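Participant: One predicted model, sequence on top.
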Amino acid sequence: MDTYSGYDCFTNNGGVVVGFIIDLKKDYTPYFRAFIKAMGLKDGDECKGYEFINWITGKHEEFRKSIGLDKYTPYTKEQEKMFLKFINGSR
């Protein structure tokens, strides 16, 4: 096991971080917390970085479409709050 930015992770032979080991005592970002919840991950579970990236990208696309916002327009503060609520209620 390795550590990257204070998080337990695993790397490939070249030392590139390819995934993380979930530790629910860690202070993850709200987006990553929503991913953990949506995927039903538990302490000690492993997840690949690309799994989170694919999930959050898809959620942004889904949310933007639902409110009629194109992909290049930044969220307002209210839309950010709406997005967090959206991803915390999804799978």
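Facilitator: The structure has been received and is ready for your questions. Numbering: from 1, shown residues only.
Participant: what residues are up against Glu61?
Facilitator: By CB atoms under 8 Å, 6 or more residues apart in numbering, the contact set of Glu61 is Lys71. Placement of C-beta: from N, CA and C, glycine included.
Participant: what helix or strand does it sit in?
Facilitator: For Glu61, the element it lies in under DSSP states H and E is helix 49-67.
Participant: cool, Gly19 as well?
Facilitator: strand 17-21.
Participant: and that strand, what's its mean pLDDT?
Facilitator: Computed over strand 17-21, the mean pLDDT rounds to 74.
Participant: Could you identify the helix or strand that succeeds that strand?
Facilitator: Immediately after strand 17-21, counting by DSSP H and E, sits helix 30-39.
Participant: which secondary structure elements does that following helix contact?
Facilitator: Judged by 3 or more CB pairs under 8 Å, 6 or more residues apart in numbering; DSSP states H and E, helix 30-39 is in contact with helix 49-67, helix 77-88.
Participant: Could you list the residues in contact with it?
Facilitator: For helix 30-39, the surrounding residues in contact (CB under 8 Å, 6+ apart) are 22, 24, 28, 41, 47, 51-52, 55-56, 84, 87-88, 90-91.
Participant: got TSV for those, with distance to Lys65 and neighbour count too?
Facilitator: Below are these laid out as TSV (distance: CB to CB, whole Å; neighbours: other CB atoms under 10 Å):
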residue	distance to Lys65	neighbour count
Ile22	29	20
Leu24	31	12
Tyr28	26	15
Leu41	26	16
Cys47	25	17
Glu51	22	15
Phe52	20	18
Trp55	16	20
Ile56	15	17
Leu84	17	14
Ile87	14	21
Asn88	18	13
Ser90	14	14
Arg91	17	7
